[in-house]
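Visitor: Got a predicted model here, sequence first, then my questions.
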Amino acid sequence: MKRITILALLAFLALGSQAQSLEDLLDNTIGVEEKTIPISATFKSVQLINSHTTKTPKTDELIFLISHRFAYLNSGFSDLFGLDNATVRFGFEYGINDKFSLGFGRSTYKRNYDFFAKYALLQQSKGAKEIPVTVSIIGETNISSAKWPDSNRDYLFAHRMSYSAQLLIARKFNSNISVQLMPTYIHRNLVQTALFPNDILAIGAGGRFKVSNWIALTFEYHHMLNEIEASNTTTPLSIGVDLETGGHVFQLFFTNTSAIYAAGYISETSDKWMDGNIRFGFNISRTF
């Protein structure tokens, strides 16, 4: 009888101890809120290939970007398969804060100066607050400083200007795949004839597929929604590879456009992949 009493007492104490442990566990979890975790590194560079990405510099960061678009690969050995000629852009982008950046650049294409502002509207996140996409908006003003052609036409300074606005909508599906959509509006103060629209609507798509910790494949495509045959334009298409090395991102690619700003490469590309008019190009970015 004593043994039964002792065993019953020990069982009661064990159950009481387990109940107390469970109660302590519940007490520790009550009041703990699920955290919101932002999704980072959707893209590693502020530049996809030609287009901007949703990425903005951090506060007080300065990104220096060098871009080259060489001549046609089919130009032959005498021009070193296009390497003898190139359009070049030097650009800077500065982070006012983690969401807002300002930048400018100078291109040899049309001797163009571009000035832009980018603002991050949404950040993809998971957890307590789930946001499915990252969204940024960018507005750009371009000023061409090229000499006017010889003609009897009276040109104004306003004729040198063009503008673009893009909504950048990106989603990182997993650690390897990121995709970005780019609805775009372009306005050009000067066009060749009345047959050419001053206002252009376009939609772009691009993406990044991570192959390893420092290599990723990229693509980019834009389609004008109000393209006309008289303009002799085509859709810009680019495919490439990103190489990440510390503070540098090297981007190597093939493209059919020579302009390096939105109003140029979206509305003025006339070279076609099917005709063999393909250019090799690269971007190099350095963060300070």
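Guide: Happy to help now that I have it.
Visitor: My guess is Thr54 contacts Ile138. True?
Guide: No: look at Thr54 against Ile138 with Cβ atoms under 8 Å: they stay out of range, at 9.3 Å. Heads up, the C-betas are built off the backbone N, CA and C, glycines and all.
Visitor: who's more crowded, those two?
Guide: For Thr54 versus Ile138, the count of surrounding residues by other Cβ atoms under 10 Å is larger for Thr54: 28 against 23.
Visitor: Could you tell me which ranges of the stretch 51-200 of the chain sit under the pLDDT cut-off?
Guide: Scanning the stretch 51-200 of the chain for pLDDT under 70 picks out the ranges 81-82.
Visitor: again, 80 this time
Guide: Applying pLDDT under 80 to the stretch 51-200 of the chain flags residues 73-85, 150-153, 192-195.
Visitor: related to what we said a few turns ago, joint contacts of Thr54 and Ile138?
Guide: Counting by Cβ atoms under 8 Å, 6 or more residues apart in numbering, the contacts common to Thr54 and Ile138 are Leu168.
Visitor: Tell me who's in contact with Tyr221.
Guide: Here Tyr221 is in contact with 204-206, 235-238 (Cβ under 8 Å, 6+ apart).
Visitor: Show me which positions of the stretch of helix or strand it belongs to end up buried.
Guide: Assessed by DSSP states H and E, Tyr221 sits inside strand 215-224. Buried residues in strand 215-224, counting neighbours by 16 or more other Cβ atoms under 10 Å, are found at 216, 218-224.
Visitor: As JSON lines, these with distance to Val191 and pLDDT would be great.
Guide: Output for those, formatted as JSON lines (distance: Cβ to Cβ, whole Å; pLDDT from 0 to 100):
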{"residue": "Ala216", "distance to Val191": "37", "pLDDT": "95"}
{"residue": "Thr218", "distance to Val191": "31", "pLDDT": "97"}
{"residue": "Phe219", "distance to Val191": "29", "pLDDT": "96"}
{"residue": "Glu220", "distance to Val191": "25", "pLDDT": "97"}
{"residue": "Tyr221", "distance to Val191": "24", "pLDDT": "96"}
{"residue": "His222", "distance to Val191": "18", "pLDDT": "95"}
{"residue": "His223", "distance to Val191": "19", "pLDDT": "92"}
{"residue": "Met224", "distance to Val191": "13", "pLDDT": "90"}
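Visitor: I'd like these as a markdown table, with distance to Pro132 appended.
Guide: Listed next are the buried residues of strand 215-224 as a markdown table, based on distance: Cβ to Cβ, whole Å:
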| residue | distance to Pro132 |
| --- | --- |
| Ala216 | 22 |
| Thr218 | 22 |
| Phe219 | 22 |
| Glu220 | 22 |
| Tyr221 | 22 |
| His222 | 23 |
| His223 | 24 |
| Met224 | 28 |
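Visitor: With that, I have no additional questions.
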